[in-house]
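[1] need a 3D model of the sequence below.
(one chain, ligands or ions: 1)
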Amino acid sequence: MIPFNKPYLTGKEVHYLYQAVHSGKLSGNGVFTQQCHDFFQKRYNFKKVLLTTSCTTAIEMAALLIDIKPGDEVIIPSYTFVSTANPFILRGAKVVFADSSKAHPNIDVSKLEGLITNKTKAIIPVHYAGMACDMDEIMRIAKKHNLFVIEDAAQAIDSFYKDKPLGSLGHFGTFSFHDTKNIIAGEGGMLTINDDRFFKRAEIIWEKGTNRSAFWRGEVDKYGWVDIGSSFLPSELIASFLFAQLENLDRIQEKRKELWNLYYELLKPLEDDELILLPKVPAFSSNNGHIFYIICNSLEERTNLIAYLKNHGIYSVFHYLSLHNSPFYKDQQNGKELVNSDFYTDRLLRLPMFFELTNFEINKIAKCIIEFYHTPKSPKNKL
Ligand SMILES: *Cc1c(COP(=O)(O)O)cnc(C)c1O
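    Coordinates of the predicted model:
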């Protein structure tokens, strides 16, 4: 079987874990955490970064930092993972779902202003498949209405908007190192803080509401409870593992982009014949090879294709069930339709994508998809 995902180990992880285990300091904010922070700050010029236990908790930190309260509203795309929404629901805020654009699963910025009320506090764009949302436009709207922007960059490591790293454009950015992402630590994440008004408080919230980070730097002579906070920092075991991955970031990214391009090239004839759609990388965005997807003609066709691939030893998966139709939320949506979000929910299919996937396997997958679309017994509707 060709799996959908396979976590890639560079070989150094166990070595650094061994060092961390024998260093005498297993809890967070030690040498490896610092090395990871330095790496990100140097490579992407992020003003300040903090490793977190996940992207979910990085968004929770951002929600605390902008003081989300009951009655506040935040705008997020419906076509996303639950973790984009939950941190705001946990603070008692109302989530207002935005539609995707027609050409891309990312948020439709042309409809954003229509969703803003005097209660709106933040916009949370999600860079789906590591491809950038239109950040100039989002930041312009945010500035005009005095809103915060938290980029959910969970999938967007090493990806860029007009040569600026994703995660550096909003007030905050959040990343994931879950083992389904490009760079992994089992579970893990990172918050980028791009507005220096939040530097100090971010560290305090990160350190369970204490000023311990300032204490270690010798800025205060004792540390104590100074604010709200939680346990957001990962242990050195996580950071040591992550550091091994970061040392290989270029190699990992290069390979994933190669695989992505091969898929694209092999499946292009199907798009030319108007049988499927392929991903469109926006002109202002780079591509970090996180996800390769195709768009089928209907839910039924996609279901049949998933089964066909599985019968041929290939695991493919669909992606988000739009959050506005979720059992948790649908009663609050008041029947409002988000047609593009529903379009991607029904038709988007993700193909296997992982570092150790071979060209041979991609050829096999593409051949199988082409066969499916050329089987005369099941005539396909043209798009
Ligand atoms: C993976 C993902 C998350 C959650 O990341 P965790 O590190 O597992 O918390 C959030 N948002 C998006 C868009 C994701 O893809």
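
[2] now do the same contact list for the residue nearest to Cys296 when sequence neighbours are not counted.
    Once flanking residues are discounted, Cys296 sits nearest to Arg302: 4.0 Å by CB to CB, 6 or more residues apart in numbering. Yep, even glycine has a C-beta here, placed from its N, CA and C like the rest. Counting by CB atoms under 8 Å, 6 or more residues apart in numbering, Arg302 makes contact with 296, 318, 346-349.

[3] most surrounded residue in those?
    Cys296 (26 neighbours; other CB atoms under 10 Å).

[4] and that one, how far from Pro165?
    Using CB to CB, to the nearest Å, Cys296 is found at 33 Å from Pro165.

[5] same check on Asp108?
    Taking CB to CB, one finds Asp108 at 24 Å from Pro165.

[6] tell me the secondary structure for the closest residue in space to Lys336 that isn't next to it in sequence?
    Leaving aside its chain neighbours, Lys336 sits nearest to His324 (7.4 Å; criterion: CB to CB, 6+ apart). Classification of His324 using DSSP: H, G, I helix; E, B strand; the rest coil returns helix.

[7] what does Ile150 give?
    Taking three-state DSSP, the label given to Ile150 is strand.

[8] which parts of the protein are helices?
    According to DSSP state H, the chain carries its helices in the segments 13-22, 31-44, 55-65, 86-90, 135-145, 199-206, 212-216, 236-247, 249-272, 299-311, 339-347, 359-373.

[9] can I get these in JSON lines with distance to Ala122?
    Below are the helices of the chain laid out as JSON lines (distance: least, CB to CB, whole Å):
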{"stretch": "helix 13-22", "distance to Ala122": "35"}
{"stretch": "helix 31-44", "distance to Ala122": "22"}
{"stretch": "helix 55-65", "distance to Ala122": "8"}
{"stretch": "helix 86-90", "distance to Ala122": "8"}
{"stretch": "helix 135-145", "distance to Ala122": "8"}
{"stretch": "helix 199-206", "distance to Ala122": "16"}
{"stretch": "helix 212-216", "distance to Ala122": "25"}
{"stretch": "helix 236-247", "distance to Ala122": "28"}
{"stretch": "helix 249-272", "distance to Ala122": "29"}
{"stretch": "helix 299-311", "distance to Ala122": "33"}
{"stretch": "helix 339-347", "distance to Ala122": "19"}
{"stretch": "helix 359-373", "distance to Ala122": "39"}
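
[10] how about the residues of the stretch 151-300 of the chain by the ligand?
    152, 154-155, 176, 178, 189 (CB under 6 Å from any ligand atom).

[11] now pLDDT too, for those residues, in CSV please.
    Converted to CSV, those look like this (pLDDT from 0 to 100):
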residue, pLDDT
Asp152, 98
Ala154, 98
Gln155, 98
Ser176, 98
His178, 98
Gly189, 98
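
[12] just flag the most distant two among the residues you listed.
    Asp152 and His178 (13.0 Å; CB to CB).

[13] Ser159 is nearest to which of the helices of the chain?
    helix 249-272 (9.1 Å).

[14] got the contact list for that closest one?
    8, 10, 157-158, 182-183, 245, 276-279, 287-290, 292, 294, 351, 353, 355, 357, 359, 362-363, 365-366, 369-370, 373.

[15] residues contacting Gln155?
    127-130, 176, 181-182, 288, 290-291.

[16] repeat the analysis, applying 7 Å as the threshold.
    127-130, 181, 290-291 (CB atoms under 7 Å, 6 or more residues apart in numbering).

[17] got the domain boundaries for this protein?
    13-246, 249-373 (automatic domain parsing).

[18] just the C-alphas of the lowest-mean-pLDDT helix or strand in the chain, formatted as PDB.
    Lowest on mean pLDDT, DSSP states H and E among the helices and strands of the chain sits helix 212-216, with a mean of 90. The C-alpha trace of helix 212-216 is given here as PDB (Å, rounded to 0.1, in the frame of the first residue of the first chain):
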ATOM      1  CA  ARG A 212      10.200  33.700  34.800                       C
ATOM      2  CA  SER A 213      11.700  34.400  31.400                       C
ATOM      3  CA  ALA A 214      12.600  37.900  32.600                       C
ATOM      4  CA  PHE A 215      14.000  36.400  35.800                       C
ATOM      5  CA  TRP A 216      16.300  34.100  33.900                       C
END
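
[19] now do that helix: distance to the chain's middle.
    Here helix 212-216 is found 31 Å from its chain centre; the criterion is CA atoms, centre = their mean, to the nearest Å.

[20] quick revisit: list buried members of the contacts of helix 249-272 by neighbour count.
    Buried members of the contacts of helix 249-272, scored by 16 or more other CB atoms under 10 Å, are 8, 10, 157-158, 182-183, 245, 276-279, 287-290, 292, 294, 351, 353, 355, 357, 362, 365-366, 369-370, 373.

[21] nearest residue to the middle of the protein?
    The centroid of the chain falls nearest to Ala154 when counting by CA atoms, centre = their mean (2.3 Å).

[22] dump the residue contacts of it.
    55, 174-176, 181.

[23] so where's the stretch 51-200 of the chain shaky on pLDDT?
    For the stretch 51-200 of the chain, no stretch is flagged by pLDDT under 70.

[24] the strands in it, which residues?
    Ranges of strands within the stretch 51-200 of the chain are 73-77, 94-98, 120-123, 148-152, 160-161, 164-165, 172-176, 189-193, based on DSSP state E, counting those that start in this stretch.

[25] which of those strands sits most buried?
    strand 172-176 (a mean of 29; mean count of other CB atoms under 10 Å).
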